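>>> Dropping a prediction and its sequence here:
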Amino acid sequence: MILLIDAGNSRIKWGVFAAGQWREKDAAPTSDMAAVAQRWRDLNPAWAVISNVAGDGFAQLIGQTFQAGTRVFWLTPKAEAFGIRNHYSVPDSLGTDRYAALIAARQHGFGHVVVASLGTALTVDALTADGEFPGGMILPGYRAMLRSIEQATQGVRVGLGQWTAFPTNTSDAVETGIVSALVGAVEAQRDRLAARVGAEVAVLLTGGDAALIKSHLRRPVTLVEDLVLEGLLWVAKESGVADA
């Protein structure tokens with residue numbers, strides 16, 4: 001049994017893979033990580049394969065969680081591995097969640113693709129059909145943008161707005177502005193990659209808020225849940241982790 005863990009800034013996702021199939025998938029806020037760790041301990045997996053952007057506290061918790069029978073594999077980005085040529089100036093400084101998502105996108109066979117993950121932040125990464133990662137960008141996610149407007153303005157209390165072409169109230173104006181900014185970042189990266197490769201570029205969406213922008217993007221666009229977990233599973237298989 002393999003436990004695959006995607007420890008993000010605000011949420012932790014995990015999956016249990018055994019006998020060639022997913023047995024369980026779940027998620028929880030990072031604030032619940034101690035309780036979640038107890039669940040993992042009770043599973044007593046042979047391996048735990050982990051992407052961690054939740055910080056040192058999570059890494060310490062993992063060190064205290066598993067018994068001697070569980071081997072832990074921490075994903076570390078490389079300059080070239082798992083079908084990805086990583087052009088980050090310091091390759092191992094790339095977020096492991098972004099790296100795992102790129103690995104999964106490569107295995108999906110999308111060709112030239114922009115991988116956009118919308119959670120606490122929006123990450124927008126370019127990937128060529130032959131596995132080159134020339135770079136990407138990071139900007140505040142949907143909820144972070146909402147909070148910034150509320151905190152930086154006088155008297156603006158943002159409600160549940162709706163996207164509309166020409167907003168006529170503040171809530172709709174904020175919603176439309178934020179969605180347009182997020183969509184614009186993804187489409188700008190798509191256009192830049194298309195200019196670089198001279199071919200059509202698809203968009204692969206993932207993350208908890210990805211559905212908010214999917215309908216506003218040009219085609220082709222695909223939404224894939226748990227892309228980071230898929231990438232971790234591929235890493236496990238390529239690394240010879242038992243039962244992967």
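Structure's in. What do you need? Numbers count the residues shown, from 1 in each chain.
>>> Quick one: name whatever helix or strand follows the lowest-mean-pLDDT helix or strand in the chain.
Counting by mean pLDDT, DSSP states H and E, the weakest-scoring helix or strand in the chain turns out to be helix 142-152, with a mean of 91. As assigned by DSSP states H and E, the chain's next helix or strand after helix 142-152 is helix 170-197.
>>> neighbouring contacts of the least confident helix or strand of the chain?
118, 120-122, 140, 156-158, 174, 178-179, 181-182, 209, 212 (CB atoms under 8 Å, 6 or more residues apart in numbering). Where C-beta positions appear, they are placed from N, C-alpha and C, glycine not excepted.
>>> Now it: buried residues?
Across helix 142-152, burial judged by 16 or more other CB atoms under 10 Å covers 142, 144, 145, 146.
>>> Please apply the same query to stretch 126-141.
When neighbours are counted by 16+ other CB under 10 Å, the buried residues of stretch 126-141 are found to be 126, 127, 128, 131, 132, 133, 134, 136, 140, 141.
>>> quick one: which two of these are the most distant?
By the measure CB to CB, 131 and 140 form the most distant pair in those, at 28.8 Å.
>>> Test my guess that residue 239 contacts residue 74.
No - shown here, residue 239 and residue 74 do not form a contact pair, counting by CB atoms under 8 Å, at 11.4 Å.
>>> List the contacts of the residue lying closest to residue 165 once chain neighbours are set aside.
Of all residues beyond its chain neighbours, the one nearest residue 165 is residue 176 (7.8 Å), with distances taken as CB to CB, 6 or more residues apart in numbering. Taking CB under 8 Å, 6+ apart as the definition of contact, the neighbours of residue 176 are 161, 163, 164, 165, 167.
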